[in-house]
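Trainee: I would like to see how this sequence folds:
(one chain, ligands or ions: 1)
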Amino acid sequence: MTAPFLPVCRPQLPSAAAISAYWQESDTARQYTNRGPLVQRLEARLVSRLGLASYTVRTASNGTSAIEVAILAAAGPATEARPYALIPSYTFAATALAAERCGYKPLFCDVDPVTWAMDLVAAARHPLLDKIGLILPVAPYGRRPQIRQAEALHSATGIAVVVDASACFEQLLDDPGLVSATVPMTISFHATKTFSTGEGGAVLWNNPAGQVLVVQAANFGFNYSRRSETAGTNAKMSDLHAAVGLAMLDTFEQRRADYAATVALWAELAAPLPGALHLPPDLGSVYILWQTPTAQIMDQAIGALTAANIDSRRWYEDGLHRQPHFQRFSGPDLQTIPLPVTEDLGGRLLGLPMAHDLTRDQIARAVGVLQSVL
Ligand SMILES: *Cc1c(COP(=O)(O)O)cnc(C)c1O
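Mentor: As a prediction, the model looks like this:
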């Protein structure tokens, strides 16, 4: 008899009844829209949680489109003179795809072995700096965004910087001072993130004029008219998704407490593992990462977990530069740039099962399998 399947991620959205309590308003008004009353309520509740001005949070249809409209607002589409977007290779595909949708050619750089993020000091000395029109650092796995360094990079180079902080909602809740006036940050409200609207995202930016451009880019480039005045797309959050988010906010403190209890169990039970165990709150609450001593041990661990019907995930694979679509951006001048840290992390950082209601037995089962390969 095979053991029950243990998924790497097992989100739980609000119940249909809790969502429909909000959605009822739209039904009664027969107003089915996007950026409508429920979206505005969600934005208002988010900024009041953060204690920030009303314009600092602008929602989007998902995390990827949030990156896209933040780029359009902060940098505009790519130009012939500055065709490149500097992007860390160690990230999720959405980061580079969003830049590509805005006309940029991804220019991949390596990451720091400790922070797993782009080195923002080294970025200012990039050999192709005068051809770079956008710098797109990532706060990996919901780690604290290096926003002050990103601001310094922007002011030193004059190049627009947008931070993909997709999994960082909790970091921003705990320190709203991270929300910047000069560097927009984007977050994702996908179901696999700690706070979710089912599908959704947001741009956080303490810049009223910039946020007007974000809203405009997300709405076909319209500005109180039906004429496209800037580059744009349709990236508006729907009221139906906002209803999910409003219901989720009602019980979010409890959700965070449940996650914290599960993290404590992981810390206790996985303590004997060699290598390093990376846990929230350093990471977003949905991630437990085991940094194995060697790539060979990680391969064996994946095999043993799979055989035991336990899911695991190399969330960012081997880096984007290894993925088929992005090979086209390895032009003659680019393909020789080595990315050793990205490749090392890709081979040794393994996502383990996490859920807010994971049990001690489930965690012990996973740890037992990992110990068996050592
Ligand atoms: C989740 C995530 C995204 C994409 O968000 P979606 O809402 O799925 O579009 C982008 N970048 C990173 C780093 C992410 O973790």
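
Trainee: Please count neighbours and contacts with C-alpha atoms only from this point.
Mentor: Will do.

Trainee: Which residues are in contact with the residue of the stretch 201-350 of the chain found nearest the ligand?
Mentor: Using C-alpha to the nearest ligand atom, the single residue of the stretch 201-350 of the chain nearest to the ligand is Gly201, 5.8 Å away. Under the criterion of C-alpha atoms under 8 Å, 6 or more residues apart in numbering, the neighbours of Gly201 are 59-66, 166, 186-190, 237.

Trainee: beta partners for it?
Mentor: Ala60, Ser188 (DSSP bridges).

Trainee: quick one, phi psi at Ser312?
Mentor: phi -150, psi 170 (degrees, to the nearest 10).

Trainee: Report pLDDT for it.
Mentor: At Ser312, the model reports a pLDDT of 98.

Trainee: How about the one 3 residues further on?
Mentor: pLDDT for Trp315: 95.

Trainee: Touching, it and Arg348? I think so.
Mentor: No - Trp315 lies out of contact with Arg348 (C-alpha atoms under 8 Å); the separation is 11.3 Å.

Trainee: Looking at these two, which is more packed in?
Mentor: Arg348 (22 against 17; other C-alpha atoms under 10 Å).

Trainee: any idea how far that one is from Val138?
Mentor: According to C-alpha to C-alpha, to the nearest Å, Arg348 stands 19 Å off from Val138.

Trainee: and what of Leu72?
Mentor: Taking C-alpha to C-alpha, one finds Leu72 at 17 Å from Val138.

Trainee: quick one, what contacts Ile288?
Mentor: Here Ile288 is in contact with 277-280, 351-354 (criterion: C-alpha under 8 Å, 6+ apart).

Trainee: swap in Ala304?
Mentor: By C-alpha under 8 Å, 6+ apart, the residues touching Ala304 are 369-370, 373.

Trainee: cool, Ala301 as well?
Mentor: Shown in contact with Ala301 (C-alpha under 8 Å, 6+ apart): 369-370, 373.

Trainee: Let's see that with 10 Å instead.
Mentor: With contact taken as C-alpha atoms under 10 Å, 6 or more residues apart in numbering, Ala301 is in contact with 292, 295, 307, 312, 350, 369-374.

Trainee: Same check on Ser196?
Mentor: Counting by C-alpha under 10 Å, 6+ apart, Ser196 makes contact with 11-14, 169, 188-190, 241-242, 244-249.
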